[in-house]
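Undergrad: take a look and give me a structure for this.
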Amino acid sequence: MEMRYLLIVLSMLFVPLTTVRADVSVGVGISVPGVSIGINMPAYPRLVRVPGYPVYYDPRVDLNFFFYDGLYWVFIGDNWYVSSWYNGPWDLVDYYDVPLYILRIPVRYYRRPPPYFHGWRADAPPRWGEHWGREWEQRRGGWDQWDRRSAPRPAPLPSYQRNYSGDRYPREQERQHTIRSERYRYQPREPVTQQHYQMQRGPSGQQGQGKRNEGRGPDHR
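TA: Down below sits the predicted model:
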């Protein structure tokens, strides 16, 4: 696992500087707590529903930026990151723990797909098993098979965050948690989201941090 995180750090060092929208930039950097993946979203994103999925995306940014189950999800540098606020800080999610409905997002909704997506069907999810290998495929078997009529309702959008941009944006995770708990009553269904919410509560929620990759809950279909 140490080797995997070393590779993550090295990959982030080679992420090119670019412009996402006229006023949204991407750079590089690592901060504690959480990870700074260099995204600077100066305002609340314009989220649009992915048809037939409980997922939203922002079609106006040159970035793989999604919202699902009460969290923002970003795919960059071959890794998934999450945050309960649109501009981070971000937590790295192990690729074994990425929720099914994030894995199932069709290729066409990745606004900045990696090179290995080339040639894959636009209306189908990425071939994660082919890319991440046999062990991942065995542990996440059946991830791309489901009854589309049984998809859950999407989580409500945290539109209260429109009021927090620029200097008003809360950088401290405990303050983010306080505002969210007062303004957003959604109860997440995914274990990774539940864990993220718990960790944001501050010292009382940190006890789950050391067990981040232990006791993974069952997949939700």
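Undergrad: sec struct for the residue most central in space within the chain, please.
TA: For the chain, the residue sitting closest to the mean C-alpha position, by Cα atoms, centre = their mean, is residue 73 at 1.8 Å. Following DSSP: H, G, I helix; E, B strand; the rest coil, residue 73 is assigned to strand.
Undergrad: quick check: it touching residue 101?
TA: No: at 10.0 Å, residue 73 does not count as touching residue 101 under the criterion of Cβ atoms under 8 Å. All C-beta spots, glycine's among them, are computed from the backbone N, C-alpha and C.
Undergrad: for the closest residue to residue 66 other than its chain neighbours, give me its contacts.
TA: In space, and not counting its chain neighbours, residue 66 is closest to residue 73: 4.3 Å by Cβ to Cβ, 6 or more residues apart in numbering. When contacts are counted by Cβ atoms under 8 Å, 6 or more residues apart in numbering, residue 73 is found next to 65, 66, 67, 80, 81, 82, 102.
Undergrad: go again with 6 Å.
TA: Residues in contact with residue 73 (Cβ atoms under 6 Å, 6 or more residues apart in numbering) are 66, 82, 102.
Undergrad: the chain: strands as residue ranges?
TA: Ranges of strands in the chain, per DSSP state E, are 18-21, 24-26, 39-40, 48-49, 56-57, 65-68, 71-76, 79-83, 91-93.
Undergrad: can you list the ones you listed in TSV and add distance to residue 148 and mean pLDDT?
TA: What follows is these, written out as TSV (distance: least, Cβ to Cβ, whole Å; pLDDT from 0 to 100):
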stretch	distance to residue 148	mean pLDDT
strand 18-21	31	40
strand 24-26	32	46
strand 39-40	31	88
strand 48-49	14	98
strand 56-57	17	98
strand 65-68	16	98
strand 71-76	20	96
strand 79-83	22	94
strand 91-93	24	93
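Undergrad: most tightly surrounded among those strands?
TA: strand 65-68 (a mean of 25; mean count of other Cβ atoms under 10 Å).
Undergrad: list the strands paired with it, with their directions.
TA: Note on strand 65-68: by DSSP bridges, its sheet partners are strand 56-57 (antiparallel), strand 71-76 (antiparallel).
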